[in-house]
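Undergrad: Task: produce atomic coordinates for the following.
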Amino acid sequence: MLSSERPARIFLADEHPIFLAGLRFCLAEQPNIAVVGEAHSSADLAKVIEKAAPDVAVVGDDFNGISVVESLLNDLPSQRILVVAEELDNARAHRLLAFGVRGYVLKQSPVSVVCKAITTVLRGGSFLDSPHPLLTVGGTRRGSVLTEREKEILRLIALGFSIREAAARIGITKKSAETYKARASSKLSIESRQQIVQYAITQGWFQSHD
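TA: Purely as a prediction, here's the structure:
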């Protein structure tokens, strides 16, 4: 449940009017959310959002097959944007988060997930909706704190660098990079790149600073 001194101002934008109507209806039941505007066309979308001055803009991933998110962030770099998508595309989600999007939510998720994402974004965090639970600091084993080098390697991997590229970027050997990755993965009980990206998001490594 959201809680604040005033309702959070939310703007909705998606090319499907029926989806917008359903989302607006669900959010209207939340006492601490106020929908201050909506759009189902990408025409002048940045200007419409800027005029509404929302705390968070919930925006569909594309309009007629064309993404509008990057252009929105270029026009409104300080605007908090929460993307809603048809399905989880982990590579695209992490690119958008690295670019400045604050959250990525699946359209088939319950409204409680959207509310959780909005709350996270309002608090300055980033949110990735996923069928797999996000890893948190509390999920690490006691005493298994990552070293700075281990964090550095995981962050670069999450950003899309290969082990060889990550090693070259920080000036160590590929073998050393693999060792740091293995140690960090063991501490966090993670195995895949997707889980590394999810962990990076919980740590705010993709968060845009205004």
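Undergrad: give me the low-pLDDT residue ranges for the chain?
TA: 1-4, 130-144, 202, 204, 206-210 (pLDDT under 70).
Undergrad: which stretches of it form helices?
TA: 17-28, 45-52, 69-75, 90-99, 111-122, 148-158, 163-170, 174-188, 193-202 (DSSP state H).
Undergrad: Run through the residues that contact the nearest residue to T173 once chain neighbours are set aside.
TA: Leaving out its chain neighbours, the residue that sits closest to T173 by Cβ to Cβ, 6 or more residues apart in numbering is A167, at 6.1 Å. Using the backbone N, CA and C atoms, a C-beta is placed for each residue, glycine as well. Going by Cβ atoms under 8 Å, 6 or more residues apart in numbering, A167 touches T173, K174, S176, A177.
Undergrad: and which of these is nearest T147?
TA: S176 (12.3 Å; Cβ to Cβ).
Undergrad: Neighbours of the closest one, how many?
TA: 14 (other Cβ atoms under 10 Å).
Undergrad: contacting residues for it?
TA: Contacts of S176 by Cβ under 8 Å, 6+ apart are A167.
Undergrad: mind checking how far it is from A167?
TA: 7 Å (Cβ to Cβ, to the nearest Å).
Undergrad: what's the distance between the residue nearest to the spatial centre of the chain and A117?
TA: Compute the mean C-alpha point of the chain, and by Cα atoms, centre = their mean the closest residue is G103, 2.8 Å away. Distance from G103 to A117, counting by Cβ to Cβ: 4 Å.
Undergrad: Kindly report the same for E87.
TA: From E87 to A117 the distance is 16 Å (Cβ to Cβ).
Undergrad: ok, these two, which is more surrounded?
TA: Taking neighbours as other Cβ under 10 Å, E87 and A117 compare with A117 leading, 25 against 9.
Undergrad: L154 versus the more buried one, what's the distance?
TA: Counting by Cβ to Cβ, the gap from A117 to L154 is 23 Å.
Undergrad: again, but for A167
TA: From A167 to L154 the distance is 13 Å (Cβ to Cβ).
Undergrad: No further queries at this time; thank you.
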